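Trainee: just to be clear, the model below is a prediction. Sequence and coordinates:
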Amino acid sequence: MKPLALFDPAPVKNDYLSRYVFPAMIAYGADTGRPIAVVDNLSEIKNSTILLEAQHLSPQVILQLKVNGNDIVSFDINDGTFLCNSYYHRWEATHIDLIFKYSGIVKDIRSTELDINGCLQYTIKPSVIWCNLQADWNIYKTLMEANKFVPCAYTPWDTQCSVRKYFTPFEERRRTCLIRGGLHYLRYHLYLMLMRCGLADKNCTFNMEPYHLEAMREDLRFCSACCAAYNSSEGLTYKYYKENQHRCNQRNKAWQERFFNKNIIDTPSLHLWNNECLPSYYWLTEKFIEQYGNIDMLAVEKALNGKSSSTDGLGKRLQECMFYGDYKWQSCINFPSRHWHSAREKTITLVPRRTNDQYYFPKTVDGDHYITFSDDFSDLHKVLNITKDQYIHITENCFSQYMNWIKSDKYTLSTKMLARMFDSMEALRCIDDQFE
């Protein structure tokens, strides 16, 4: 292997990589006789293996590094399966020697997508991933067939903490699903459908606290009246929504218009909803109730006013229920860090079935490491009605993966994970037989 060099100048491009992944790699490399030199100038690097966050790799930089005899190792982490925007759509990306991808790797250009129409009816439709369709797929497929993708687990920050000795048994857990995280559109629809089925856990919350604080960027912070309500002792209540006009600074969608435009709740508009204002979600909930009947608005109110909690607090909540659920956009990371918190607490991850259109590391299989629901929610009751044997099979498999690959000791990443990364860099290909 050529000498290793890391380029990660301030201001850093990705906190997770700079504070969690790269320090572990530097320390492990020093301990195993494969030191990593930290450099601050790419133009002077020659005949080395250069490690860097993907946003540093413009097409011009890729070509110049290759002209100088370097091997390029990109750390591509962008909340999705698609390539980083610095080389997305660009054929120069095929000259990258290795890509550590913090997501699943898509198997095919064809997938499925949830279709929500203006009457809040849910159906499944075939879809093609990404924007430039065949051109993007050809670049991606070239890298995949050359075994240049190394799928990586998006590990939590606290993998050095001790694992509990006692786990709440199957019989004592609520048969409910916990939803946590940002207020993403499809995640909220999963929450509504779980509420309708009586399967949403009482501790479901969407953390929108940062958008209501003074510290938030002005163009992202919600209007002053809503911020004051959210930060009050009562919170931003359903009553507050009903009693105010909301002539607010909603940035993306005109949900307050007198005449309802049904297109605003269609699936193609989902990007207009992600992490947007709470009154608009009360409005959406009313539309859902018109179609499907009443749900507990006090529970909705509690969920929409959720605040951030400690990792320990999340662990306790996961111990109380059977499932942790998630649903985001089509090309997202299906197993973010909360999946590994769930695995650590022996709670089952629930995700849409299109999850199976990607492959992951550690290798995961539907029914062995997680469970899936139909993309249109039509089988939620069925898939959540599991037996004790199924529960034990899935949770023990995931807990073993956590202890084997995720739990760390000396470094912030596990020693076994670091060995896999360095062996892949030495081979300049993914070394996992399961992906070949």
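Mentor: Everything's here; your move. Numbering: from 1, shown residues only.

Trainee: all helices of the stretch 151-300 of the chain, in order?
Mentor: Secondary structure of the stretch 151-300 of the chain (DSSP state H, counting those that start in this stretch): helices at 185-197, 224-230, 238-243, 278-292, 297-304.

Trainee: deepest in the core, which of those is it.
Mentor: Burial among the helices of the stretch 151-300 of the chain, expressed as mean neighbours by mean count of other C-beta atoms under 10 Å, is greatest for helix 185-197, which shows a mean of 22. All C-beta spots, glycine's among them, are computed from the backbone N, C-alpha and C.

Trainee: which outside residues touch that one?
Mentor: With contact meaning C-beta atoms under 8 Å, 6 or more residues apart in numbering, helix 185-197 is reached by 114, 116, 122, 176-177, 179, 181, 200, 204, 206, 270, 273-274, 281, 284-285, 288, 292-293, 295-296, 299-300, 303, 325-329, 377, 380-381.

Trainee: state the mean pLDDT of that helix.
Mentor: In this model, helix 185-197 has an average pLDDT of 96.

Trainee: hmm, back to that, need the buried ones from the contacts of helix 185-197 selected in PyMOL.
Mentor: The PyMOL command for the buried members of the contacts of helix 185-197 (criterion: 16 or more other C-beta atoms under 10 Å) is given here:
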select buried, resi 114+116+122+176+177+179+200+204+206+270+273+274+281+284+285+288+295+300+303+325+326+327+328+329+377+380
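
Trainee: in stretch 165-174, what's buried?
Mentor: Taking 16+ other C-beta under 10 Å as the criterion, stretch 165-174 shows 167-168, 170, 173 as buried.

Trainee: now do the same end-to-end measure for that stretch.
Mentor: Looking at stretch 165-174, the gap from its leading to its trailing residue is 20 Å under the measure C-alpha to C-alpha, to the nearest Å.

Trainee: kindly state the domain boundaries assigned to the protein.
Mentor: Residue ranges for each domain of the chain read 4-106+139-156+409-435, 161-205+309-407, as given by automatic domain parsing.

Trainee: can you redo those domains as CSV with distance to A225?
Mentor: As requested, these are arranged in CSV below (distance: least, C-beta to C-beta, whole Å):
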stretch, distance to A225
domain 4-106+139-156+409-435, 31
domain 161-205+309-407, 19
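
Trainee: so which of those domains comes closest to N231?
Mentor: domain 161-205+309-407 (15.9 Å; C-beta to C-beta).

Trainee: roughly how far out does that closest one sit from the chain middle?
Mentor: The chain centroid and the centroid of domain 161-205+309-407 are separated by 13 Å, computed with C-alpha atoms, centre = their mean, to the nearest Å.

Trainee: just the terminal-to-terminal distance for that domain.
Mentor: 8 Å.

Trainee: cool, and stretch 301-317?
Mentor: 19 Å.

Trainee: can you list the buried residues in it?
Mentor: Neighbour-count burial for stretch 301-317, counted by 16+ other C-beta under 10 Å, picks out 301, 303-306, 314-315, 317.

Trainee: one more: stretch 418-436?
Mentor: Using 16+ other C-beta under 10 Å as the burial criterion, the residues of stretch 418-436 that qualify are 418, 420-422, 424-425, 428-432, 435.

Trainee: and stretch 22-30, by the same measure?
Mentor: Going through stretch 22-30 with 16+ other C-beta under 10 Å, the ones that come out buried are 22, 24-29.

Trainee: ok, stretch 397-405 next?
Mentor: Of the residues in stretch 397-405, those with enough neighbours to count as buried (16+ other C-beta under 10 Å) are 397-399, 401-402, 405.

Trainee: do stretch 262-270 as well
Mentor: Result for stretch 262-270 [16+ other C-beta under 10 Å]: buried residues 264-265, 267, 270.

Trainee: same check, this time on stretch 42-55
Mentor: Going through stretch 42-55 with 16+ other C-beta under 10 Å, the ones that come out buried are 42, 45, 48-55.
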